[in-house]
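Asks: Return a 3D structure for these sequence lines:
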Amino acid sequence: MSQSALKARTNTAAMRSGRSRIYRPAIPVLAVAVAALLAGCADLKRDSITVGAVPDDYRTTHPIVIAEKNLKIDLPVGAGDRGMTGSQRDTLLGFLDGYDKSAAPTLTISIPSGSANEIAATAAGRDFARLAIASGISRNRIVMTTYQSVSAEASAPIRVAYVSVKAQTDRCGRWPEDLLQTSENKHYADFGCSYQNNLAAQMANPADLIGPRKQSDIDAENRGAVIDVYRQRGISEEFFGNSEVEY
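Replies: Down below sits the predicted model:
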């Protein structure tokens, strides 16, 4: 081999060795950069989850709970009344309509004592108890009590009360801060409270919020009648004649 050929081969080998020395460290540097980017994405994802977990839902702020609630009504009695009046009867029947006979809570009838209408209230209270028994409330679940009237010259009402399990929420009207003085893009404290209260008041059976009821038996006879009507109905000619829509 000539001296010039040997020198050219030596230079080529040196250049290849230089390239390997230049590009070989680029691989770990690139790996570190990719790892840093992935770590940044992980941080962003973690932060988004943290921000998204901040509660800002009216169902969380004003949850519907099932609890015992003392239901009561005050029925005014005039000093000249002789027993239960027609308006008192209708009002009391409406109040007792929510009484759960299966749970059979105690029905308390409180009669005022020392008031101007004490005698009339005592007679009306007995009629209230008779009406409750006639409505299906057991006699041993009715308690007759008295309470001291504030004034001897005024006519105090008869208080009828019983405990019932109801769906309810917290009381509305909470305004801890001025809406114009906050920069947070969140629901205000009272947001959704009225809606939750109305929804809770419409629950005839609060247990429906806990779980579904057992399915009732199928009325086979009624189901068969409905299917027969559907089969005999057919498709009217009017449907085929008005298949196109005109604007």
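Asks: Could you break this structure into its assigned domains?
Replies: Listed by the TED database, the domain ranges of the chain are 58-62+170-209, 67-168.
Asks: can you tell me which of those domains the model trusts least?
Replies: Taking the average pLDDT of each of these, the minimum falls on domain 58-62+170-209, with a mean of 85.
Asks: what helix or strand is the closest residue to residue 84 other than its chain neighbours on?
Replies: Sequence neighbours aside, residue 127 is the residue nearest to residue 84 in space, at 3.6 Å (criterion: C-beta to C-beta, 6 or more residues apart in numbering). From N, CA and C alone the C-beta is placed, and that goes for glycine too. Here residue 127 is covered by helix 118-134, with elements defined by DSSP states H and E.
Asks: And for residue 152?
Replies: With DSSP H and E as the test, residue 152 turns up in no helix or strand.
Asks: Look up how far residue 128 lies from it.
Replies: In this structure, residue 152 lies at 23 Å from residue 128, with C-beta to C-beta, to the nearest Å as the measure.
Asks: just residue 114 next, same as before
Replies: On the measure of C-beta to C-beta, residue 114 and residue 128 end up 20 Å apart.
Asks: Could you check which of the two has the larger neighbour count?
Replies: Residue environment comparison for residue 114 versus residue 128 gives the larger neighbour count to residue 128, 26 against 13, counting by other C-beta atoms under 10 Å.
Asks: Send me stretch 208-223 as PDB with only the CA atoms.
Replies: As requested, the backbone C-alpha atoms of stretch 208-223 are provided in PDB (Å, rounded to 0.1, in the frame of the first residue of the first chain):
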ATOM      1  CA  ASP A 208     -86.800   6.000  47.500                       C
ATOM      2  CA  LEU A 209     -83.600   8.100  47.800                       C
ATOM      3  CA  ILE A 210     -81.800   5.200  49.400                       C
ATOM      4  CA  GLY A 211     -82.700   2.500  47.000                       C
ATOM      5  CA  PRO A 212     -85.300   1.200  44.600                       C
ATOM      6  CA  ARG A 213     -88.500  -0.500  45.800                       C
ATOM      7  CA  LYS A 214     -89.300  -4.100  45.100                       C
ATOM      8  CA  GLN A 215     -91.100  -4.700  41.800                       C
ATOM      9  CA  SER A 216     -94.800  -5.200  42.100                       C
ATOM     10  CA  ASP A 217     -96.700  -8.100  40.400                       C
ATOM     11  CA  ILE A 218     -97.600  -7.700  36.800                       C
ATOM     12  CA  ASP A 219    -101.200  -7.400  35.900                       C
ATOM     13  CA  ALA A 220    -101.400 -10.000  33.200                       C
ATOM     14  CA  GLU A 221    -105.000  -9.200  32.300                       C
ATOM     15  CA  ASN A 222    -104.300  -5.500  31.800                       C
ATOM     16  CA  ARG A 223    -101.200  -6.200  29.900                       C
END
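Asks: if we can go back for a sec, go through the domains of the chain and pick out the most buried.
Replies: domain 67-168 (a mean of 16; mean count of other C-beta atoms under 10 Å).
Asks: so how far is it from its chain's centroid?
Replies: Mean C-alpha position of domain 67-168 versus that of the full chain (C-alpha atoms, centre = their mean, to the nearest Å) differs by 31 Å.
Asks: Looks like residue 88 contacts residue 121 (just checking).
Replies: No - no contact is recorded between residue 88 and residue 121 when judged using C-beta atoms under 8 Å, the distance being 11.0 Å.
Asks: what's the overlap in contacts for the two?
Replies: Taking C-beta atoms under 8 Å, 6 or more residues apart in numbering as the contact criterion, the residues that touch both residue 88 and residue 121 are residue 77.
Asks: any idea where the strands of the chain begin and end?
Replies: Taking DSSP state E as the test, the strands found in the chain are 65-75, 107-113, 142-148, 158-168.
Asks: Contacts made by the first one with the rest, please.
Replies: Same thing as strand 65-75. For strand 65-75, the external contacting residues (C-beta under 8 Å, 6+ apart) are 88, 91-92, 95, 98, 124, 128, 157-169, 206-207, 209-210.
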